[in-house]
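S.K.: I need the structure of the sequence given here:
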Amino acid sequence: MKNKVLIVQNKHICDLNISPKECVSWVNESFCMKYEAQLPAKISVHPQGNDFFTSMPALLPQPYRFFGVKEVCRINGREPALSSDILLYDSITGDSRPELPEFMPYITEERDENYQYGCKPYICNMRTGAVAALSIDKLKKSDAHTFSFIGLGNTARATAMCLLSLYANKDVKFRLLRYKDQADSFIERFQEYTNALFEIVDTVQELISGAEIIISCITDASDLICTDNTLYNKGVLLVPVHTRGFQNCDLFFDKIYGDDRGHVCGFKNFSKFRAFDEFSNVLLSRNPGRENDKERIIAYNIGLGLHDILFACKIYERLNKAQFPFFMQEKETAKFWI
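M.R.: Predicted coordinates:
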């Protein structure tokens, strides 16, 4: 028996024109199903330095009928340094979907030859940006409208896209830490948004001083980003997307939220957190989240495999499968002996 294995490339996903606001909605949906889904702990290996390979499995609850695994790796010096792939399966049959019996398991490949032409890994970037934007929307102080960015790559752009979709009718400001030509490129990318203002600063201290919302999208940091704790104003929200560089803040911020307790319980200062809870509990109204505009809050949004698999599920259901490449795979249907 032969089965077709569907390969969905990044360019196919980009052609669907999924809106950033929809990405935020999908992230919210995945957070709210967290305690119904099966979400085993991530498995990571580190071949050298801060390089890593991480496996992120997730079984969506009924009626989604999907199990998937995201494989993500970061290799310093490679272009791009960060890449990921997703394997998607029907959780009832283990292979084919009832409506498409000739297809089995579905492979969503996020890395392809179009990377250099601007079609970057979609799911990895957009779900990460959407998670950061949702956390900001739910945890920022009431009058905050200025977003201060450290690291201006695709994660920062995805976050900005999602924020602009949430605050389309409000004036917002982006403060950007200068690095090479990335700040100018960032401004050029978003110049069409008439409700967005931009400011470039030259030092981390200048960026953090008086900041309302700090979003760090750097993927590596060997030292603390800012050792002067007095620069973090009351009411500030800190979102270190890749968690690095802000361990000093763990000791004096009032509340810390994370995607999953297992992601942060191994942090050096975890036992010294003043208060911790999972962000899902805020969305499910089991935790009040921010209670006043003076609280300093950290949102450690490392990311859940659940986000990636739900995104892959939503994207798969939108695709016209006949348009995409597949290969034939032999599948044994009878027991055999070695």
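
S.K.: Past the helix-or-strand element of the chain with minimal mean pLDDT, which element shows up next along the chain?
M.R.: Within the chain, no helix or strand scores below strand 106-109, which has a mean of 46 by mean pLDDT, DSSP states H and E. Using DSSP states H and E, the helix or strand that follows strand 106-109 towards the C-terminus is helix 122-139.

S.K.: Show me what counts as buried in that following helix.
M.R.: 122-136, 138-139 (16 or more other C-beta atoms under 10 Å). (Each C-beta comes from the backbone N, C-alpha and C, glycine too.)

S.K.: Report all helices and strands that the next helix or strand after it contacts.
M.R.: Downstream of helix 122-139, the next assigned helix or strand under DSSP H and E is strand 146-150. Packed against strand 146-150 by the contact rule (3 or more C-beta pairs under 8 Å, 6 or more residues apart in numbering; DSSP states H and E) you find helix 154-166, strand 172-177, helix 204-208, strand 213-216.

S.K.: May I see the ones you listed arranged in CSV, with distance to Phe273 as well?
M.R.: Formatted as CSV, the helices and strands packed on strand 146-150 follow (distance: least, C-beta to C-beta, whole Å):
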stretch, distance to Phe273
helix 154-166, 24
strand 172-177, 27
helix 204-208, 20
strand 213-216, 18
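
S.K.: Kindly reformat those as TSV containing mean neighbour count.
M.R.: Below are the helices and strands packed on strand 146-150 laid out as TSV (neighbours: other C-beta atoms under 10 Å):
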stretch	mean neighbour count
helix 154-166	23
strand 172-177	21
helix 204-208	19
strand 213-216	26
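
S.K.: So for the most centrally placed residue in the chain, what's the nearest residue that isn't a sequence neighbour?
M.R.: The structure's the chain has its C-alpha centroid closest to Thr128; by C-alpha atoms, centre = their mean the separation is 1.6 Å. Spatial nearest neighbour of Thr128, chain neighbours left out: Thr155 (5.4 Å); criterion: C-beta to C-beta, 6 or more residues apart in numbering.

S.K.: Now do the same contact list for the one you found.
M.R.: 125, 128-129, 132, 217, 241-242 (C-beta atoms under 8 Å, 6 or more residues apart in numbering).

S.K.: hmm, try it at 7 Å
M.R.: 125, 128-129, 217, 241 (C-beta atoms under 7 Å, 6 or more residues apart in numbering).

S.K.: Out of these, which comes closest to Lys294?
M.R.: For the contacts of Thr155, the minimum distance to Lys294 (C-beta to C-beta) is 24.4 Å, reached by Val241.

S.K.: Domains in this protein, by residue range?
M.R.: Following automatic domain parsing, the chain resolves into domains at 2-123+305-330, 124-300.

S.K.: got JSON lines for those domains, with distance to Phe336 too?
M.R.: Output for those, formatted as JSON lines (distance: least, C-beta to C-beta, whole Å):
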{"stretch": "domain 2-123+305-330", "distance to Phe336": "12"}
{"stretch": "domain 124-300", "distance to Phe336": "38"}
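
S.K.: which stretch in those has the least confidence?
M.R.: Among the domains of the chain, domain 2-123+305-330 carries the lowest mean pLDDT, a mean of 78.

S.K.: Ile315: which of the helices and strands packed on strand 146-150 is closest?
M.R.: With C-beta to C-beta as the yardstick, what comes closest out of the helices and strands packed on strand 146-150 is helix 154-166 (15.4 Å).

S.K.: roughly how far apart are the residue nearest to Val172 when sequence neighbours are not counted and Ala211?
M.R.: Spatially, and ignoring its direct neighbours in sequence, Val172 is nearest to His145 (5.2 Å; C-beta to C-beta, 6+ apart). According to C-beta to C-beta, to the nearest Å, His145 and Ala211 sit 12 Å apart.

S.K.: what about these two, which has more around it?
M.R.: Between His145 and Ala211, Ala211 has the larger neighbour count (other C-beta atoms under 10 Å), namely 21 against 13.

S.K.: now that one, what's its secondary structure?
M.R.: Recorded secondary structure, Ala211: coil (DSSP: H, G, I helix; E, B strand; the rest coil).

S.K.: That one contacts Ser148, correct?
M.R.: Yes - Ala211 is in contact with Ser148 according to C-beta atoms under 7 Å; the separation is 4.3 Å.

S.K.: ok, and what's touching stretch 29-49?
M.R.: By C-beta under 7 Å, 6+ apart, stretch 29-49 touches 52-61, 76, 262, 279-280, 283-284, 304-307, 310.

S.K.: Which among those residues count as buried?
M.R.: 54, 56-60, 279-280, 283, 304-307, 310.

S.K.: Filter the residues you listed down to the ones in helices?
M.R.: 279-280, 283, 305-307, 310 (DSSP state H).

S.K.: What is the burial count for Thr85?
M.R.: Careful, residue 85 is Asp and not Thr. 17.

S.K.: so which strand or helix has it?
M.R.: With DSSP H and E as criterion, Asp85 is part of strand 82-90.

S.K.: for Lys234, helix, strand, or coil?
M.R.: The three-state label given to Lys234 by three-state DSSP is coil.

S.K.: thinking again about what came up before, Throw the contacts of Thr155 into TSV and include distance to Phe174, thanks.
M.R.: Formatted as TSV, those follow (distance: C-beta to C-beta, whole Å):
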residue	distance to Phe174
Asn125	18
Thr128	18
Gly129	14
Cys217	12
Val241	15
